[in-house]
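Visitor: Here is a sequence with its predicted model. Questions after.
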Amino acid sequence: MIVLDASVALGLANSTDVHHARAKTLLSELQSDGSRLLLTDYVFNEIIGVMLRKVGKKKAMAFGEYLLQSTFIAHTDGAMLKDAWSLFTKTTLGLSLVDCALVVTAKRAHAKGIATFDNEFKRAGIAVFA
């Protein structure tokens, strides 16, 4: 299982994004080797919010439907939020609370790593697929 970060999903969704071509190739590679994609509810919300602002509601809704059908959605419960908050308050890395929740999710799910274009995850000791 590979945890999906917003940077890759947004790169895939937007043909003018600097990461568009790499996001398409990366996700194709990951899916062709049988990796399942895991998306957290936090990241799903982040993706839809950014798309709403950048490309409008219709495209945000269409991509949201695609994500809901093609990925496993992990819902952040109270214990995960507590662990993510703990990591956020203690880390000296430039990770947002959502990023910290991804790290917690990846560890709990025993994921192979995170598909992301954010290099800060490497410093967090998580394998990065970019």
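Guide: Structure received.
Visitor: My guess is residue 27 contacts residue 130. True?
Guide: No: because the distance of 11.5 Å does not satisfy Cβ atoms under 8 Å, residue 27 is recorded as not touching residue 130. To be clear about C-beta, it is placed using only N, CA and C from the backbone, and glycine gets the same treatment.
Visitor: lowest-confidence helix or strand of this protein?
Guide: Among the helical and strand segments of the chain, the one scoring lowest on mean pLDDT, DSSP states H and E is helix 120-123, with a mean of 92.
Visitor: Which secondary structure elements does that one sit against?
Guide: Using 3 or more Cβ pairs under 8 Å, 6 or more residues apart in numbering; DSSP states H and E as the contact test, the elements touching helix 120-123 are helix 97-108.
Visitor: give me phi/psi at the nearest residue to residue 30 once chain neighbours are set aside?
Guide: For residue 30, the nearest residue in space outside its immediate sequence neighbours is residue 2; the separation is 5.6 Å by Cβ to Cβ, 6 or more residues apart in numbering. Backbone dihedrals for residue 2, given as degrees, to the nearest 10, come out at phi -120, psi 130.
Visitor: Bridging across strands, which residues link to residue 2?
Guide: Residues found in beta-bridge contact with residue 2 (criterion: DSSP bridges) are residue 37, residue 113.
Visitor: State the next helix or strand along the chain beyond the least confident helix or strand of the chain.
Guide: Toward the C-terminus, helix 120-123 is succeeded by strand 128-129 as the next helix or strand (DSSP states H and E).
Visitor: Alright, that wraps it up for me.
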